[in-house]
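[1] sequence and predicted structure, then a few things I'm wondering about:
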Amino acid sequence: MTEPLFFDTDCLSAFLWTDRGSIVTQLYPGRVVVPQSVLDELSRVAAPAFKERVASLAASDDAKVRDIELASPAFPLYREMTSRPKPGFKVVGKGEAAAMALAITEKGIVASNNFRDTAAYICAYRLKYKTTGSILVEAYENALVSEAEANAIWADMLAEGRWIGARSFTEFYEKPIDPLTGF
């Protein structure tokens, strides 16, 4: 079976702010999972167009919304990550914690831009990890977008206040890959 992708708020919002959520659903059909805590965070944004995109994605068959039940194997991990981390680990946000806890228990991939806060968990649990930038690279390499379109999307993301690792898609694409993070 193909691994599900568990999105955190920042990664998914970069695509939603620029009205490019379809990139994610086209690249990973049937694999996009939005934790309920991420949906809650996204739903609090007041901008009507953004709110509509969030509601549309949540109502579609293109993404699954998943809550972490108290009795689930993911809940103790989620709780630890959000309130009582082990030594050497940081408290992380609810969206990041939900994405990681579900990815750990369901053997999925984390989609997040916040490697600084999540790195200890990503490394300790040997989680596969994607960022907005690496997802856009996949879209480009799978001919979903041209380089010019990817640069325009990147510029739109930056204009919406998303810092995604470079000043342009081309700069990000041409950057050497970090052996620790894989991007």
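    Right, received. Where do you want to start?
[2] P73 and R79 touch, don't they?
    No. In this structure P73 lies outside contact range of R79 using C-beta atoms under 8 Å: 11.9 Å. No exception for glycine: its C-beta is placed from N, CA and C like everyone else's.
[3] now the helices: where do they sit in this protein?
    For the chain, the helices defined by DSSP state H cover 9-17, 21-27, 36-43, 48-59, 74-83, 94-106, 115-124, 132-141, 147-159, 169-174.
[4] D67 is nearest to which of those?
    helix 36-43 (3.9 Å; C-beta to C-beta).
[5] pull out the buried residues from the lowest-mean-pLDDT helix or strand in the chain.
    Sorting the helices and strands of the chain by mean pLDDT, DSSP states H and E puts helix 115-124 at the bottom, at a mean of 91. Applying a neighbour-count criterion of 16 or more other C-beta atoms under 10 Å, one finds 115, 117-118, 121-122 buried in helix 115-124.
[6] neighbouring contacts of that helix?
    81, 88-90, 92-93, 96, 100, 110, 112, 127, 129, 131, 181 (C-beta atoms under 8 Å, 6 or more residues apart in numbering).
[7] mind picking the two most distant members of the residues you listed?
    G88 and T131 (22.8 Å).
[8] looking only at neighbour counts, state which of these two leads.
    T131 (23 against 7; other C-beta atoms under 10 Å).
[9] could you give the number of residues near the nearest residue to that one once chain neighbours are set aside?
    For T131, ignoring the flanking residues on the chain, the nearest one in space by C-beta to C-beta, 6 or more residues apart in numbering is N113 at 5.2 Å. Using other C-beta under 10 Å, N113 has 23 neighbouring residues.
[10] ok, now how distant is N113 from A59?
    Using C-beta to C-beta, to the nearest Å, we find N113 at a distance of 25 Å from A59.
[11] and F6, by the same measure?
    Counting by C-beta to C-beta, the gap from F6 to A59 is 19 Å.
[12] could you report the distance from V92 to R20?
    25 Å.
[13] again with A98
    From A98 over to R20 the distance is 23 Å, taken as C-beta to C-beta.
[14] more neighbours, these two?
    A count of neighbours by other C-beta under 10 Å puts A98 above the other of A98 and R20, at 32 against 20.
[15] report the contact partners of that one.
    Applying C-beta under 8 Å, 6+ apart, the residues near A98 are 6, 8, 35-38, 68, 74, 78.
[16] what of S72?
    Contacts for S72 (C-beta under 8 Å, 6+ apart) come out as T105.
[17] look at it and report its pLDDT.
    Note on S72: pLDDT of 95.
[18] quick check: phi and psi on it?
    Dihedral pair for S72: phi -80, psi 160, per degrees, to the nearest 10.
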